[in-house]
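Q: no sequence for this one, just the structure:
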């Protein structure tokens with residue numbers, strides 16, 4: 001690892017040689033349950049045969065041909081068609097990119113271009129990525145302070161606080177939030193909060209951008225988390241599990257909004273590798289499996305099994321939606337010890353950036369009831385060893 005750049009001074013340093021289903025394997029063939037799906041990526045687990053087949057077949061036809069948007073490529077058009085069939089009618093134009101950060105960058109640019117405004121309302125404890133624009137709307141000053149100056153015109157509201165909706169005015173280009181906050185610790189919106197937010201955006205002409213990079217694609221018990229709350233965003237950002245394990249992101253909007261990126265100036269948003277045909281082929285295969293096997297509906301039942309099976313004196317609380325759960329312990333030191341012990345016992349989990357006394361449960365959606373029991377046994381055993 002001497003020549004490989006690191007994101008922190010204390011990476012997990014877990015070497016993996018191969019992975020299949022919910023399991024990852026080390027060089028000694030020790031088996032690890034992946035309880036976080038590569039942080040929201042591996043909804044179908046690892047090396048799903050249908051996804052691997054799609055990758056192989058597409059790579060044998062062609063890989064990169066031309067910068068995004070110039071050529072007609074079926075992996076892109078096929079995935080866009082299937083995605084929009086899953087979405088409410090207004091969301092009918094898909095712009096493919098490479099990652100979640102890029103999806104957020106594109107969504108912010110689109111909102112500014114369409115409204116002619118530049119002010120943005122984001123949320124405390126939000127995480128939208130690490131590129132410069134995405135970092136500007138990250139709701140934690142400790143994470144962003146070292147990279148100032150950032151984008152101007154950003155205001156931060158408190159999630160689930162209706163009083164802060166007054167920050168949204170006729171000068172606001174967009175309001176950006178995760179439908180369910182991920183790194184904030186799986187923060188669920190109150191029952192009517194998103195409807196109030198949608199109404200305020202309609203009144204002021206601000207666009208509503210929902211970031212479902214972690215919580216979308218079936219993880220919460222619905223295909224898209226906003227379906228739980230009776231609203232439709234103006235722009236939807238997706239990534240992580242969208243590519244079936246390959247790098248892929250997208251921002252999706254009505255064509256009447258999306259079309260403004262194509263003129264004044266033309267090529268207002270461009271990407272070389274966005275919507276890579278191999279990634280789109282993998283994403284299309286993954287989407288079909290997710291729908292055919294009704295994985296979103298099963299996620300709610302499987303999440304409830306975790307809640308029912310996890311009962312330990314050290315667990316203070318469990319919350320979330322579907323297979324998007326947080327488990328609270330006493331403090332960060334206990335969380336750190338638990339994660340280390342659990343890894344030695346064959347289970348990989350992680351904490352949240354902005355809620356350090358909890359660990360996450362977000363396994364592949366294909367996890368079976370027997371595997372849930374296996375995971376819960378390791379969690380209990382690891383807690384006993386604290």
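A: Nice, thanks for sending it over. Just so you know, these numbers come straight off a predicted model, no measurement behind them.
Q: can you pull the contacts of residue 75?
A: Residues near residue 75 by CB atoms under 8 Å, 6 or more residues apart in numbering: 58, 275, 277-281, 284. Using the backbone N, CA and C atoms, a C-beta is placed for each residue, glycine as well.
Q: Out of those, which comes closest to residue 380?
A: residue 279 (38.3 Å; CB to CB).
Q: Can you name the residues in contact with the helix or strand containing the closest one?
A: Element membership of residue 279 [criterion: DSSP states H and E] is helix 277-292. Contacts to helix 277-292, defined as CB under 8 Å, 6+ apart, come from residues 43-44, 48, 50-51, 53-55, 57-59, 61-65, 73, 75-76, 78-79, 82-83, 86, 96, 98, 217-218, 223, 241-248, 295-296, 365.
Q: can we see that at 7 Å?
A: Residues outside helix 277-292 that contact it (CB atoms under 7 Å, 6 or more residues apart in numbering): 43-44, 48, 50-51, 54-55, 58-59, 62-63, 73, 75-76, 78-79, 82-83, 96, 217-218, 242-248.
Q: Let me know the average pLDDT across stretch 175-184.
A: Averaging pLDDT along stretch 175-184 yields 98.
Q: Check stretch 247-256 too.
A: For stretch 247-256, mean pLDDT is 98.
Q: Can you get me the start-to-end distance on it?
A: Stretch 247-256 has an end-to-end distance of 27 Å (CA to CA, to the nearest Å).
Q: roughly how far is it from the heart of the chain?
A: Relative to the centre of its chain, stretch 247-256 is centred 14 Å away, using CA atoms, centre = their mean, to the nearest Å.
Q: Quick check: buried residues in the helix holding residue 279?
A: 277-290 (16 or more other CB atoms under 10 Å).
Q: For my notes, please list those residues in TSV and give distance to residue 266 and pLDDT for each entry.
A: TSV is the format used below for the buried residues of helix 277-292 (distance: CB to CB, whole Å; pLDDT from 0 to 100):
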residue	distance to residue 266	pLDDT
277	24	98
278	28	98
279	25	98
280	24	98
281	28	98
282	30	98
283	27	98
284	29	98
285	33	98
286	33	98
287	31	98
288	34	98
289	38	98
290	36	98
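Q: If we only consider those residues, which is nearest to residue 146?
A: residue 279 (31.6 Å).
Q: Now do the closest one against residue 153, distance only.
A: For residue 279, the distance to residue 153 equals 33 Å [CB to CB, to the nearest Å].
Q: Also residue 308?
A: Residue 308 sits 46 Å away from residue 153, going by CB to CB.
Q: and what of residue 32?
A: Shown here: residue 32 relative to residue 153, a distance of 44 Å by CB to CB.
Q: Among those two, which residue is more densely surrounded?
A: More crowded of residue 32 and residue 153, by other CB atoms under 10 Å: residue 32, with 21 against 14.
Q: So the more buried one sits against residue 24, correct?
A: Yes. At 4.7 Å, residue 32 counts as touching residue 24 under the criterion of CB atoms under 7 Å.
Q: Please consider this matter closed, and thank you.
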